[in-house]
Structure formats: structure tokens, C-alpha cells
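Novice: Pasting the sequence and the predicted coordinates here, then a few questions.
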Protein chains: 2
Amino acid sequence: MTSVKSRSLRKDAELNRQRLLAAADDLFAKYGLDVTLNDIAHHAGVGVGTAYRRFANKQQVIDALFEQRLDEVAATADEALADPDAWRGFAMFLERSLQMQMEDRGLTEILNNPQLGQHRVNEARDRLAPLVSSIVDRAKEAGVLRSDFDSTDAIFIQVALAAVMDKTRGISPVLYRRYLMMFLDGVRADKATLSELPVPSLSVDQTHRSMAPDQPRRFDSSP
Amino acid sequence: MTSVKSRSLRKDAELNRQRLLAAADDLFAKYGLDVTLNDIAHHAGVGVGTAYRRFANKQQVIDALFEQRLDEVAATADEALADPDAWRGFAMFLERSLQMQMEDRGLTEILNNPQLGQHRVNEARDRLAPLVSSIVDRAKEAGVLRSDFDSTDAIFIQVALAAVMDKTRGISPVLYRRYLMMFLDGVRADKATLSELPVPSLSVDQTHRSMAPDQPRRFDSSP
DNA sequence: CAAGAAGCGGATAGACAGTATCCGCTTCCC
DNA sequence: GGGAAGCGGATACTGTCTATCCGCTTCTTG
């Protein structure tokens, strides 16, 4: 790792920096966060060296791009809270944030993997959690969302639907909405029958931990 | 690639073959299908050479192991169809097949990726599809499952819940049942309000194609 | 407009992971 | 007892990604 100067760049250099960020944004959205810095450089039409001179590694590019994205998700949450109809707010938040994930594969990865990104992004992520909580709590208090629903459930719903999205992005990019709707029908409080849930929800902390990437494998021997 | 003799093995060799299959079964269940043949050999307590002498590649091991697994899923589907209560059959099939996926990570991967496995496994997979269809159709005809539900929806539900399972296997291996229950509450026909679904379901063929693994990336240049 | 500073490109070194082979030695079985 | 069958695992290969280096180009400023 080298680079990351801080004082103002030469004009052409600044332009290339912008190109790199734009290319990264594009590629992250289309292919997810595991594109390489080399990929990004080529997509931006600059040499690999330029990319590494400007960003020490992918983390920094991610941080430079996704703080804003997460802020947008947070803004959507605020908007949901501002809706006088608690149910509409709840449903709208899920819809919008999933749509954002549909349009940006990288966003899903950032949301699902706390390992990615540095402080800026992590801060933004932390700002988001209590908003989701408020949206859920308000809907429960208003009696429109089943009372055994927990704010961590909202996270796992997104995990579940993001998986569907991932499979169908090429064929029917909006198919996830179908299952979101079925799911919403299952959590609305004004239903005739709501089954007792067989398993308690996870705590916020457990949820956070469960989002961590696969733990490394351990193979023992013996037949 | 070498190996794959067909005529009866020496006694010790046959024993090692069994050890290898047992080890593979173990590892596939715990870690998924991307363990290597080397991993499997070590876990079986035999040398790598032995593994490659017996199986040309991982595909063959997979084929040797998963035909039976898929047959078990099919058996569960049969059992579901045998249940006089169409709803219970439907719910039971989802529960059981998800539980099987919970206990065997490799099974999820086989079901979700038609690329994996060879003819034996593919055959078994094809045998499964019409059973799922019958389960769904019967429940719809009985008026217990919402009429806009399609058999392909059952597949995507499993994709969705398998994703949750994957995140929580380490923390609360049964959490997916919570969301399955919410989901079931959303597709049961005896509800006060069922929303109109915003998106049509995929055809069987589209569904199959959507399960294929990520298409390779294409990076163009230009800023 | 000259010259030094800043920036550039991209071949390539290095790290790592997975696949598969080879061959000297061991075990089985008639 | 001897030859066929089997074994182990070091190792060569391949592919992927990360990151650097250095000769050349472009900007900038006096």
C-alpha cells in the first residue's frame, strides 16, 4: 500500500480521480464489490498505476463511495418515519431500500457484511439501525404490524429478498417485489389468523454478528 | 483427470473409497460444495493421490453422494402429497426440505445450481420439479393457498430462506423457521386481505435459468 | 517557454489457492 | 514369495488478485 496524498491534485490527476470513482461506482453497482482495482482502472480508461496511486486499496474506494449511499438509505428511512401512515412507512421503507439494492449490488454487500468499509461507512451503518427500529416500533404500536415482529426481522427479510434478487437480476429484476408483497401480507396485523412464531428473533447484537462473512473452515483428520 | 476404474477394487481400496465418501459427505454438509478433493482426502485420513485415483474430480463425488439426497427430498414431497390435508402437505414440504438444507449446506448448493452434478443428479432434480408442482396445485385447488401462487414461487421462497439460514447457521440454526412461518401466513388463502401481487411469477424454464451461477463479467473501457 | 515537479501506464513480481500428477514405497492376495 | 494393485504427498501447474517500479509524458509556474 502506498498513496493517499491529501493536498490538492494537479488538474489532470483530479480528473482521473473522478473517472476512477465513477468507474468504481458503475462496476460495484453491476458486479458487486469483488471487482479489482485493476478492473476499475481499466473501466475508467486509466492505467493500473494511477488507481493505486490514488487509492491504497479497494476499501478506500468503497469508503469514498458508500458513505453517501448509506446516507440515502437513511434518508429513505426518515421519509418512512415522516409518513403519517405507519404501515405505509414500514412497507415503503422495505420497498425503497430493496429497490436501491436492486440497482446497486455493492450496496447489498455493504449492508450484509460489516467487514467491508472503514469508519465513514461504519458510522453511516450505525446511524441506520435505530431508524429501522423506529419504523418497526411505530408500526407495531399503531397496531398495523404483527406484535411479535422485531426490528431485526426487517433485516433478515432484506437478506432473504436480496438473495432472490441476486438470482433474478438477469431475468426479471423486479421479481423480488412479488415475494415482498407475499411477505407483507404475512406480517400485517389485520389478518384473520396469525400463527405463533416458532423461534424468537435475534438480538441486534446477534444479528450484527450473523452478518459477518463465513468463518474460516477447520478440517480435522481421522476417518 | 485420471481414474474411475470400474471393476471391483481390492479390499483396502474399497474401504478407502468408503472413507472418502463419508468424509466428503461430512464436509459438504458442513462447509458446502467448494471444499477441495484435497480437503476431503485429508479429512478421510488418506493421501491426496488416493482421492484422485478414485474420483477424477469433485463432480463425481458429488454425483455419487447427492443422487440419494435428492431422492430423499423427493420422498418428502411424496409424503406431502400423501397427507390428506393439502395445506399441511404444502407447509410440511417446505419445512422439511428447508430443514434438510439446514443440515446439509451442500444440498442447498446442488438445488440452487444446476451446473453442479452430472446426469444422475440432474435426473433426480428433474424428478423433483413436478412433485412440487403437484403440491402447490393441490393446495390451490383446495382453496387453502392463495390462488395467485405459482409452483415456481415455492422455489424462490426456498432461495430466500436458504439465504437467511446461511447467515444464521452459526448463531441460531432454526431462525429461518421464523420467517417461513411469517411467509406461510402471507400465502394462506383464509385471510382477510391478500394484496394483489405486483409482478407475475417466472415460468419453470425462466426459474431454471435464473438458478445458473453468475454470468462472467464483461468490462468495457471508456470513462 | 523551459525545466522540474507531478503524474502516468502497464509489465511484472509476489502471494496464494486450487487442481492434478508422478513415482518410490507398501500392502494385498494367489 | 512375488507381482499386481494401491498408497502418500511433495510438487508442478494454472489462474487470480494485489501491488510496485521506473522510464516516459504532461502540467505548472517563474
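Specialist: Received the coordinates, thanks. Residues are numbered from 1 along each chain as shown, chains lettered A, B, ... in the order given.

Novice: Any regions of chain A where pLDDT drops low?
Specialist: Applying pLDDT under 70 to chain A flags residues A:1-7, A:191, A:214-223.

Novice: Can you tell me which residues in it are near DNA strand D?
Specialist: A:1-2, A:10-12, A:34, A:36-38, A:48-49, A:52-53, A:56-58 (Cβ under 7 Å from any atom of the strand). Any C-beta I mention is one placed from the backbone N, CA and C, and that applies to glycine too.

Novice: Now for those residues: which two are most distant?
Specialist: Farthest pair in those (Cβ to Cβ) is A:11 and A:34. Separation: 32.3 Å.

Novice: more neighbours, these two?
Specialist: Higher neighbour count among residue A:11 and residue A:34: residue A:34, with 13 against 8, using other Cβ atoms under 10 Å in any protein chain shown.

Novice: what residues are up against the residue in chain A that chain B sits nearest to?
Specialist: Closest contact between chain A and chain B, by Cβ to the nearest Cβ, is at residue A:186 (2.7 Å). Applying Cβ atoms under 8 Å, 6 or more residues apart in numbering or on different chains to residue A:186 gives the contacts B:182, B:183, B:184, B:185, B:186, B:187.

Novice: Just give the closest residue to it, not the sequence neighbours.
Specialist: Excluding the flanking residues, the one nearest residue A:186 by Cβ to Cβ, 6 or more residues apart in numbering or on different chains is residue B:186, at 2.7 Å.

Novice: Then residue A:137?
Specialist: Nearest non-adjacent residue to residue A:137, counting by Cβ to Cβ, 6+ apart: residue A:151, 7.0 Å away.

Novice: doesn't residue A:130 make contact with that neighbour?
Specialist: No: between residue A:151 and residue A:130 there is no contact under Cβ atoms under 8 Å: 9.0 Å.

Novice: which one of those two has more residues nearby?
Specialist: Using other Cβ under 10 Å, the more surrounded residue of residue A:151 and residue A:130 is residue A:151, with 19 against 13.

Novice: contacting residues for that one?
Specialist: Contact partners of residue A:151, counting by Cβ under 8 Å, 6+ apart, are A:132, A:133, A:135, A:136, A:137, A:204.

Novice: can you give me the offset of the strand or helix carrying residue A:123 from its chain's centre?
Specialist: For residue A:123, the host element (DSSP states H and E) is helix A:119-141. Its chain's average C-alpha position is 13 Å from that of helix A:119-141, according to Cα atoms, centre = their mean, to the nearest Å.

Novice: which other helices and strands contact that helix?
Specialist: If you count contacts as 3 or more Cβ pairs under 8 Å, 6 or more residues apart in numbering or on different chains; DSSP states H and E, helix A:119-141 packs onto helix A:58-82, helix A:86-103, helix A:105-112, helix A:151-168.

Novice: Restricted to strands, list the residues of chain A next to DNA strand D.
Specialist: Cross-referencing these with the strands (criterion: DSSP state E) gives no overlap at all.

Novice: which of those count as buried?
Specialist: For these, a neighbour count by 16 or more other Cβ atoms under 10 Å in any protein chain shown gives the buried set as A:37, A:52, A:53, A:58.

Novice: JSON lines for these, including distance to residue B:165?
Specialist: What follows is those, written out as JSON lines (distance: Cβ to Cβ, whole Å):
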{"residue": "A:37", "distance to residue B:165": "33"}
{"residue": "A:52", "distance to residue B:165": "39"}
{"residue": "A:53", "distance to residue B:165": "43"}
{"residue": "A:58", "distance to residue B:165": "29"}
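
Novice: Would you mind giving those residues as CSV with distance to DNA strand C added?
Specialist: Shown next, in CSV, are these (distance: Cβ to the nearest atom of the strand, whole Å):
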residue, distance to DNA strand C
A:37, 10
A:52, 7
A:53, 5
A:58, 14
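
Novice: mind listing what residue A:69 touches?
Specialist: The contact partners of residue A:69, taken as Cβ under 8 Å, 6+ apart, are A:100, A:104, A:106, A:107, A:110.

Novice: what's the spacing between stretch A:62-71 and its chain's center?
Specialist: Relative to its chain's centre, stretch A:62-71 lies at 10 Å (Cα atoms, centre = their mean).

Novice: Repeat that for stretch A:60-79.
Specialist: 9 Å.

Novice: Likewise for stretch A:108-117?
Specialist: For stretch A:108-117, the separation from the chain centroid amounts to 7 Å (computed by Cα atoms, centre = their mean).

Novice: just to revisit the earlier point, may I see the helices and strands packed on helix A:119-141 arranged in CSV, with distance to residue B:125 as well?
Specialist: Converted to CSV, the helices and strands packed on helix A:119-141 look like this (distance: least, Cβ to Cβ, whole Å):
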stretch, distance to residue B:125
helix A:58-82, 37
helix A:86-103, 28
helix A:105-112, 28
helix A:151-168, 16
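
Novice: So which of those is nearest residue B:25?
Specialist: Between the helices and strands packed on helix A:119-141, helix A:151-168 lies closest to residue B:25; by Cβ to Cβ that is 25.3 Å.

Novice: quick revisit: return the set of buried residues in the helix holding residue A:123.
Specialist: In helix A:119-141, counting by 16+ other Cβ under 10 Å, buried: A:121, A:124-125, A:128-129, A:131-136, A:138-140.

Novice: Select, from the residues you listed, the two members most distant in space.
Specialist: The most distant members of these, if one measures by Cβ to Cβ, are A:121 and A:140, lying 29.4 Å apart.

Novice: And the closest residue to residue A:96 other than its chain neighbours, how far from residue A:117?
Specialist: Excluding the flanking residues, the one nearest residue A:96 by Cβ to Cβ, 6+ apart is residue A:76, at 4.6 Å. Note on residue A:76: its distance to residue A:117, by Cβ to Cβ, to the nearest Å, is 19 Å.

Novice: Comparing those two, which shows the higher neighbour count?
Specialist: Legend: neighbour count by other Cβ under 10 Å for residue A:76 and residue A:117, higher for residue A:117 (23 against 20).

Novice: so that one, which of the three states?
Specialist: coil (DSSP: H, G, I helix; E, B strand; the rest coil).

Novice: residues contacting residue A:40?
Specialist: Residue A:40 sits next to A:20, A:23, A:24, A:27, A:51, A:61 when contact means Cβ under 8 Å, 6+ apart.

Novice: Export those to CSV and append columns for distance to residue B:162.
Specialist: Shown next, in CSV, are these (distance: Cβ to Cβ, whole Å):
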residue, distance to residue B:162
A:20, 36
A:23, 33
A:24, 30
A:27, 27
A:51, 36
A:61, 31
